[in-house]
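Undergrad: Provided below for reference: sequence and predicted model.
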Amino acid sequence: MSRAVAIAVLALALAAPAAAQWNGRRWQELSPEEQERAWENYQRYQQLPDQRRDMIERRYQRFQTLPPQEQQRLRHNYDTYRGFDPGQRREFTEKYRRWKGRK
Amino acid sequence: MRCGRAQKSLIAALDGELTPRRRQALDRHLAGCAACRGELATTERVLAALDARPAEAPVSVALEQATLRRVRLAADGDTAVAWWRRLPLPALVVATAVLVLAVGIVRRTGPVPPPAPSGDRVARTFVPKPTARPAPQAGARRSPPPSEPPAELAAAPDKFMNLPILRNLEKLEHFEAIQTTTLDDDDTPNG
């Protein structure tokens, strides 16, 4: 049990700074590159149908409530996902479709 | 761009992951190819339907992760299970303290600049580590961010910085479970 606590403390200490880099910052605090990325994504967001925007808003609310380690895990998974080549991405999407069908 | 390459890019395009140059090439192809437009529409419908459909089983992410971890460990055997349990508690505490201290020092002092190549006494300027995001493509047209962002963007810039993650949130939350999903037609166990 004590080992588990020690490992949890270690994980939190390492994950929190990385998560803190992303959340709660104001526009003026972003680097020019970050502002550019946020601006591009904002333009993409504006082109989405209302239903998708509502879904993203709900997900954003939920994302903010996740603990830093979980946010970090999602970022790590996203890095893996975006590193997929087109074939791997298609395969993953097909697995996602199967996985969701079994739910 | 040919149809094969275009169709391989469709999912990345729908995820907003293509570089502006590749997106423009895809758009040009789609403008003249009804088959690929149809494929794009179908893919978009499938992904939208999947996104809209709630995951019905009320299994928490933590439980899912714990279960998958156990399955993996069982598959790997006892050696993988016990590496940290064999460590004495004092060693773990010391290691934790050292790492926390190291993180604190790095955060105070900032990132360590990479060493200059040998023989190069001039190039000592700190070069930031490149992010996973690809560099802007030469020649691609991009509108720079406005000096005064729209209110929605100014209110929550992290929402838009994290947009690709939010768009794929369900996939990312259940990433490991999805990856271990088989594509066999018949996945009922024998017997």
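TA: Received the coordinates, thanks. Numbers count the residues shown, from 1 in each chain, chains lettered A, B, ... in the order given.
Undergrad: next helix or strand past the helix or strand of chain A with the lowest mean pLDDT?
TA: Within chain A, no helix or strand scores below helix A:2-20, which has a mean of 53 by mean pLDDT, DSSP states H and E. Going down the chain from helix A:2-20, the next helix or strand is helix A:32-46, by DSSP states H and E.
Undergrad: what's that next one in contact with?
TA: If you take CB atoms under 8 Å, 6 or more residues apart in numbering or on different chains as the criterion, helix A:32-46 is touched by A:27, A:30, A:53, A:56, B:16, B:131, B:133, B:142-146, B:149-150, B:152-153, B:157, B:160-161, B:163-164. The way it works is simple: take the backbone N, C-alpha and C, and place the C-beta from them, glycine included.
Undergrad: Extract the C-alpha set from that helix and format it as CSV.
TA: C-alpha atoms of helix A:32-46 as CSV (Å, rounded to 0.1, in the frame of the first residue of the first chain):
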residue,chain,number,x,y,z
PRO,A,32,2.8,33.1,-30.9
GLU,A,33,2.8,29.5,-32.1
GLU,A,34,0.2,28.5,-29.6
GLN,A,35,-2.0,31.4,-30.5
GLU,A,36,-1.7,30.4,-34.2
ARG,A,37,-2.7,26.9,-33.4
ALA,A,38,-5.6,28.0,-31.2
TRP,A,39,-6.7,30.4,-34.0
GLU,A,40,-6.6,27.7,-36.7
ASN,A,41,-8.6,25.3,-34.5
TYR,A,42,-11.0,28.0,-33.7
GLN,A,43,-11.7,28.6,-37.4
ARG,A,44,-12.2,24.8,-37.8
TYR,A,45,-14.5,24.8,-34.9
GLN,A,46,-16.6,27.6,-36.4
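Undergrad: Could I get the full set of strands for chain B?
TA: In chain B, no strands are defined using DSSP state E.
Undergrad: Tell me, how many residues neighbour residue 68?
TA: As the question left the chain open, I've gone with chain A. Using other CB atoms under 10 Å in any protein chain shown, A:P68 is surrounded by 18 other residues.
Undergrad: think we crossed wires, I meant chain B
TA: Neighbours of B:L68 under the rule other CB under 10 Å: 15.
Undergrad: Kindly report the same for the one 3 residues further on.
TA: With neighbours defined by other CB under 10 Å, the count for B:V71 comes to 12.
Undergrad: Also A:K100?
TA: Count around A:K100 with other CB under 10 Å applied: 20.
Undergrad: Does it lie in a helix or a strand, and which?
TA: A:K100 belongs to helix A:86-102, assigned by DSSP H and E.
Undergrad: show me the contacts for residue 25.
TA: Picking chain A for this. By CB under 8 Å, 6+ apart, the residues touching A:R25 are B:P157, B:D158.
Undergrad: that's the other chain; I wanted chain B
TA: With CB under 8 Å, 6+ apart, B:A25 has these contacts: B:M1.
Undergrad: Check the gap between it and B:R2 for me.
TA: B:A25 sits 11 Å away from B:R2, going by CB to CB, to the nearest Å.
Undergrad: Could you do B:R45 as well?
TA: According to CB to CB, B:R45 and B:R2 sit 24 Å apart.
Undergrad: hey, where'd the helices end up in chain B?
TA: In chain B, the helices defined using DSSP state H lie at B:3-14, B:20-31, B:34-52, B:61-76, B:78-81, B:89-109, B:151-155, B:157-161, B:163-167, B:169-173, B:175-179.
Undergrad: other SSEs contacting the first one?
TA: So the one you mean is helix B:3-14. Secondary-structure packing of helix B:3-14 (3 or more CB pairs under 8 Å, 6 or more residues apart in numbering or on different chains; DSSP states H and E): helix A:86-102, helix B:20-31, helix B:34-52.
Undergrad: now it against helix B:20-31, angle please.
TA: 120 degrees (axes from the mean of the first three to the mean of the last three CA atoms, to 10 degrees).
Undergrad: Next, the buried residues of helix B:3-14.
TA: Of all the residues in helix B:3-14, those buried under the rule 16 or more other CB atoms under 10 Å in any protein chain shown are B:A6, B:Q7, B:S9, B:L10, B:I11, B:A12, B:A13, B:L14.
Undergrad: Turn those residues into a markdown table, including pLDDT.
TA: Putting these into a markdown table (pLDDT from 0 to 100) gives the following:
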| residue | pLDDT |
| --- | --- |
| B:A6 | 85 |
| B:Q7 | 79 |
| B:S9 | 79 |
| B:L10 | 79 |
| B:I11 | 74 |
| B:A12 | 74 |
| B:A13 | 77 |
| B:L14 | 75 |
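Undergrad: Quick check on B:E148: phi, psi?
TA: Backbone torsions for B:E148, taken as degrees, to the nearest 10, come to phi -110, psi 100.
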